[in-house]
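**Student:** Okay, sequence plus prediction incoming.
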Amino acid sequence: QVQLVESGGGLVQAGGSLRLSCKASPLNYAMGWFRQAPEKEREFVASISTNGGVTKYAEFVKGRFTISRDNFKNMIYLQMDSLKPEDTASYYCAQSYGDSAYFSRELVRYWGQGTQVTVSS
C-alpha cells in the first residue's frame, strides 16, 4: 500500500505563487498532479517520469507550473507561479502503474487526499 500526503495549499492572490508537496511512502513509478474544481471532473495538471527525466504539462499550466521530484526524500513538488482565479481547486498527488510520464487519470494507481488551493482576484 502506498500513502500519498499532500501539503502546501492555501489562499493566495492572483499573480502569486504556491509550492505543493507530496510525501510518498514509498516513492515508486511516475507521479503526477491532478486537480478538481467544484462540480467539475478531475483533470490532469502535470506528471513526471520515475527518474525525473521527462515531464508533461496540461496546456493551461505550461510556463507557469513546474513539477519536480526528489527520490531520496520521497517527495514530489508542484511549483505554481502566476496563479489565476481559475486555478482554484483541490490538488491531488497521484502515482501511476508505470515509469512513463505519459499517464492519464485512468492509469492512476494511488491518490492522495488532496490539498485546497484558492486564488483570489
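**Tutor:** Yep, it's here.
**Student:** tell me, what residue is most central in this protein?
**Tutor:** By C-alpha atoms, centre = their mean, the chain has its centre lying nearest to W33, at 2.3 Å.
**Student:** Where does that residue sit: helix, strand or coil?
**Tutor:** Using DSSP: H, G, I helix; E, B strand; the rest coil, the structure places W33 in strand.
**Student:** That one and I67, how far apart?
**Tutor:** Using C-beta to C-beta, to the nearest Å, W33 is found at 6 Å from I67. Every residue, glycine included, has its C-beta placed from N, CA and C.
**Student:** Could you tell me which residues touch both of the two?
**Tutor:** A46, S47, I76, L78 (C-beta atoms under 8 Å, 6 or more residues apart in numbering).
**Student:** Just name the closest of the residues you listed to P38, please.
**Tutor:** L78 (20.2 Å; C-beta to C-beta).
**Student:** residues contacting S100?
**Tutor:** Applying C-beta under 8 Å, 6+ apart, we find S100 in contact with A30, S49, V54.
**Student:** Could you rerun that using 7 Å?
**Tutor:** With contact taken as C-beta atoms under 7 Å, 6 or more residues apart in numbering, S100 is in contact with A30, S49.
**Student:** Likewise for the one 10 residues further on?
**Tutor:** Contact analysis of Y110 by C-beta under 7 Å, 6+ apart lists V2, L4, A94, Q95.
**Student:** Kindly state the pLDDT recorded for it?
**Tutor:** We have a pLDDT of 96 for Y110.
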